[in-house]
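> Provided below for reference: sequence and predicted model.
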Amino acid sequence: MNDRLAVLVVAAEMVPFAKTGGLADVVGALPKALRGLGHDVRVAIPHYSRIASERFQLEPLLGPFPVPLDDQLIDAALVTTQIAAGDDVIPVYMVENEYFYQRDGIYMYEDDADRFIFFCRAILEGIRQLGWRPDVIHCHDWQTAIIPNWLKTIYRDDPFFRDVACVYTIHNLAYQGVFGHRVLEIAGVDEYGFLAHPDTPHLNDVVDLMARGIHFADVINTVSETYASEILQPEFGEGLDPMLRDRRDRLYGVLNGIDTELYDPATDGAIAMRYDRNRLEGRLACKAELQRTARLPERRATPVIGCIARLSDQKGFDLICQVLDPLLRNHDVQLVISGTGEQRYHERLIELRARFPRQLAVFFTFNAPLSRAVYAGSDMFLMPSRREPCGLSQMIALRYGAIPIVRATGGLADTVRDFDPGTGDGNGFAFTAYDAMALYAAVVRAIEAFRYRSVWQQLMVRAMALDHSWAASARRYVDLYQRARAVRSEAPAPPRP
C-alpha cells in the first residue's frame, strides 16, 4: 500500500466554519496534523447559512448536479475554501442546497435525517465527478453514519468506490440518530431491511444510523481508550453494547488532541496578559481580570475554580448543585461557571448566586472570549462528568495551567492523573465514585494543595508542559486508516442484515 494516503473527512461541523461542540474542534484540527504527516486530506461539511461566503472566501467548485434522495433527484452544488496547515493548505468542500442548509441552526430540525443523508450522498457523488478518489473516508457521528452503510451496499460494486475503506468515529454514543423506517427509503437502502441483532431487539423496527455506522464500517473508534472499554458495558453502551462487543476486534480508542497553536497562553491575544510556564506572572493578571469580569473580589490568595460546560446531568451538574452550598459556606473559594442547559440548573444556580454573590459568578452563555478568560484566570477547572467520551476542556485547562478536578471516566481518566502530595506525581485531582461526597472531597483536596504555593506552582508547570497536541493521535489515526484498508481489501462484503 502507498504510504501517502488520500483521506476524506466527512462531518457535520468544523472549526472555524460551524461549531456546536467538540466535534468541530476535532474536525478542524485532525486534518492539519494528518497533512503535517504528508497525507492528502480533504474535509467535507454542509454549507450552512452561518458560513459567510465573503468571510471564508468560498468559491464555486461543482454543480449543480443531481443527487438521489428517496424517489427524487435533488440538485446540490459544491463550493470550496481552504484552511492553513503549517506551510500547506487543506481543501474544504461544502455541500450547498438552499432548502436543507440555509437555516438559522445546524441541528434539531424535523428533517435532519433527510438533510444529512442528502449531504452524505452529495459529497460521494461530488468527489466522483471531481475525479478525486480517497483511500479512506473518515466519518464522524450519526450524521455521516450512512456512508459506511452505502459503501457495503449500493456502492459495493461501484468501480469508483469499491476499494474505498471507511473509519467511523463515535464522539458520543448517546446521540445515535434514531428515525422511523422511512429513512431506509430516503437513503435508498430499503431493500436491505432493518439491522437484525439478537441482543438489540429495539433496533428491529427503527433506523439507528449510528448502529449502521458501527455495523458496516471497516474500523470503528471512539475518542479515548477508556471510553472504548466503557461502551462495551451496558452502563455506558446506550443499548448498542451487544453490537459493539461483537465488533470489538475492530473497535479502538484514540484520544483526541487539541490545537496547540490555537490554545497557547504564550501567544493568546484574547487573554489579559500572555504567559508561559517559565513566566507565570501573566497568570496572576489573568486571574485578576477574571475576578473583575465576574464581579468577584480581587483576592490573589482565594482559589478560583472555573467550569465551562453544558448544564446537564451528563456534565455532573446534579453533583455540582449538591456541593456548592456547603463548599461556599465552609471554604474561601470562588467559582466562575459558564454554560447553558437544563432550566432546573439555571434556577438553582441563580438561587445560589444570590446567596453567595462574592463567591459565585454564573454566565448563562457559551462565549469564546469568556472561555479563554476562564482557562487563563482560573486556578482549577471543574469537570465532574457522569460520562465524558474524551473531553477537550481538561486538556485546554492543563495547557493554560488551570488544574483539573475531574471524575475519572472516559477521556478524563486518560488525561488526568490524581495528584499525590507525598510524591508530587499527578496533574490534577480525580475521583471515581459518582456521588457528591466524592466530588466535595476532591475539591477540598485541591483547595488544601493550593495553600502550598511552591507545590502548586510545580503542579502548574508540570501541567503546562504536557503535550496534548494532535501529533501522536494523528499517527494513531493513520494506523487505523491502514487497518481499515486491510480489512476492506481482504474481507468479503458482510451479508445483508
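Happy to help now that I have it.
> Check the gap between Leu262 and Ser469 for me.
For Leu262, the distance to Ser469 under the criterion C-beta to C-beta, to the nearest Å works out to 11 Å. No exception for glycine: its C-beta is placed from N, CA and C like everyone else's.
> what about these two, which has more around it?
When Leu262 and Ser469 are compared for neighbours, Ser469 comes out ahead with 18 against 14, by other C-beta atoms under 10 Å.
> Surely that one touches Asn256?
No - here Ser469 lies out of contact with Asn256, judged by C-beta atoms under 8 Å, at a distance of 10.8 Å.
> how much space is there between Arg274 and Gly282?
From Arg274 across to Gly282, the span is 6 Å (C-beta to C-beta).
> what's the overlap in contacts for those two?
When C-beta atoms under 8 Å, 6 or more residues apart in numbering defines a contact, the residues bordering Arg274 and Gly282 alike are Pro265.
> Tell me where the stretch 101-250 of the chain has strands.
Counting by DSSP state E, counting those that start in this stretch, the stretch 101-250 of the chain has these strands, from start to end: 136-140, 165-170, 178-179, 207-208, 219-222.
> I'd like to know which elements the longest one is packed against.
Okay, so that is strand 165-170. Taking 3 or more C-beta pairs under 8 Å, 6 or more residues apart in numbering; DSSP states H and E as contact, the helices and strands that strand 165-170 lies on are strand 136-140, helix 146-151, helix 209-216, strand 219-222, helix 471-490.
> cutoff 10 Å now
In terms of contacts (3 or more C-beta pairs under 10 Å, 6 or more residues apart in numbering; DSSP states H and E), strand 165-170 is packed against strand 6-10, helix 22-36, strand 136-140, helix 146-151, helix 209-216, strand 219-222, strand 251-253, helix 471-490.
> Please name whichever of these is nearest to Gly177.
The closest approach between Gly177 and any of the helices and strands packed on strand 165-170, judged by C-beta to C-beta, belongs to helix 209-216 at 3.7 Å.
> would Phe381 count as being in a helix?
No - following the definition DSSP: H, G, I helix; E, B strand; the rest coil, Phe381 is strand and is not counted among the residues of a helix.
> picking that back up, residues that sit against both of Ser469 and Asn256, list them.
Overlap of the contact sets of Ser469 and Asn256 (by C-beta atoms under 10 Å, 6 or more residues apart in numbering) consists of 29, 395.
> Name the residues contacting each of Leu262 and Ser469.
With contacts defined as C-beta under 10 Å, 6+ apart, the residues adjacent to both Leu262 and Ser469 are Ala29.
> Return the distance of the lowest-mean-pLDDT helix or strand in the chain from the chain's centre.
Confidence across the helices and strands of the chain bottoms out at helix 53-56, with a mean of 88, counting by mean pLDDT, DSSP states H and E. On the basis of C-alpha atoms, centre = their mean, to the nearest Å, the separation between the geometric centre of helix 53-56 and that of its chain is 25 Å.
> Also stretch 335-351?
For stretch 335-351, the gap between its own C-alpha mean and the chain's C-alpha mean amounts to 22 Å (C-alpha atoms, centre = their mean).
> what's the first-to-last distance across that stretch?
Across stretch 335-351, the terminal residues are separated by 14 Å (C-alpha to C-alpha, to the nearest Å).
> Tell me the helices and strands packed up against the least confident helix or strand of the chain.
For helix 53-56, the contact count by 3+ C-beta pairs under 10 Å, 6+ apart identifies strand 72-85, strand 88-96 as packing neighbours.
> closest to Phe194 out of the ones you listed?
When these are ranked by distance to Phe194, counting by C-beta to C-beta, first place goes to strand 72-85 at 23.0 Å.
> how big is the angle separating that closest one from helix 22-36?
60 degrees (axes from the mean of the first three to the mean of the last three C-alpha atoms, to 10 degrees).
> Which residue ranges make up the domains of this structure?
Taking automatic domain parsing as the domain assignment, the ranges for the chain are 6-257+471-490, 281-465.
> okay, those domains in TSV with mean neighbour count and distance to Gly269 next?
TSV is the format used below for the domains of the chain (neighbours: other C-beta atoms under 10 Å; distance: least, C-beta to C-beta, whole Å):
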stretch	mean neighbour count	distance to Gly269
domain 6-257+471-490	19	16
domain 281-465	19	9
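> For the closest residue to Gly177 other than its chain neighbours, give me the pLDDT.
Excluding the flanking residues, the one nearest Gly177 by C-beta to C-beta, 6 or more residues apart in numbering is Trp142, at 3.0 Å. Among the per-residue scores, Trp142 holds a pLDDT of 98.
> so Trp142 touches Val183, yeah?
No - contact between Trp142 and Val183 fails when scored by C-beta atoms under 10 Å: they sit 11.2 Å apart.
> Quick check: neighbours shared by the two?
Taking C-beta under 10 Å, 6+ apart as the contact criterion, the common neighbours of Trp142 and Val183 are 113, 177, 208-209, 212.
> Looking at those, spot the one nearest Val26.
Looking across these and measuring by C-beta to C-beta, the closest to Val26 is Gly177, at 18.0 Å.
> wait, the closest one sits on Cys120?
No - taking C-beta under 10 Å as the definition, Gly177 is not a contact partner of Cys120, at 11.7 Å.
> Quickly list what's touching both of the two.
143-146, 209.
> related to what we said a few turns ago, closest one of the shared contacts of Trp142 and Val183 to Gly22?
When the shared contacts of Trp142 and Val183 are ranked by distance to Gly22 (C-beta to C-beta), Gly177 comes first, at 17.6 Å.
> That closest one and Phe194, how far apart?
Distance from Gly177 to Phe194, counting by C-beta to C-beta: 15 Å.
> again, but for Asp467
For Asp467, the distance to Phe194 under the criterion C-beta to C-beta works out to 45 Å.
> Same question for Asp111.
According to C-beta to C-beta, Asp111 and Phe194 sit 21 Å apart.
> Would you map the strands across the stretch 251-400 of the chain?
Listed in chain order, the strands found in the stretch 251-400 of the chain under DSSP E, counting those that start in this stretch are 251-253, 304-308, 334-338, 360-363, 380-383.
> got the contact list for the closest residue in space to Val207 that isn't next to it in sequence?
Excluding its sequence neighbours, the residue lying closest to Val207 (C-beta to C-beta, 6+ apart) is Val183, at 4.3 Å. By C-beta under 10 Å, 6+ apart, the contact list for Val183 reads 70, 113-114, 117, 146, 177, 189-190, 206-209, 212.
> Going by distance to Leu352, which of these wins?
Using C-beta to C-beta, the shortest approach to Leu352 within the contacts of Val183 belongs to Gly177, at 36.2 Å.
> Now do the same contact list for the closest one.
Taking C-beta under 10 Å, 6+ apart, we find Gly177 in contact with 112-113, 116-117, 141-146, 183, 207-213.
> So for it, what pLDDT did the model give?
The model reports Gly177 with a pLDDT of 95.
> so where's the stretch 1-150 of the chain uncertain?
Applying pLDDT under 70 to the stretch 1-150 of the chain picks out residues 1-2.
> now do 90
1-3, 20-22, 52-54, 63, 86-87, 104 (pLDDT under 90).
> quick one: the residue nearest to Leu8 when sequence neighbours are not counted and Val7, what's the gap?
Counting by C-beta to C-beta, 6+ apart, Pro134 is the residue found nearest to Leu8 once chain neighbours are left out, at 4.1 Å. Using C-beta to C-beta, Pro134 is found at 6 Å from Val7.
> what sits in contact with each of those two?
Overlap between the neighbourhoods of Pro134 and Val7 consists of 40-42, 165, 481, taking contacts as C-beta under 10 Å, 6+ apart.
> I'd assumed Gly22 was in contact with Leu30.
No - under the criterion of C-beta under 10 Å, Leu30 is not in contact with Gly22, lying 11.8 Å apart.
> list the residues that contact both of the two?
Common contact partners of Leu30 and Gly22 (C-beta under 10 Å, 6+ apart): Asn256.
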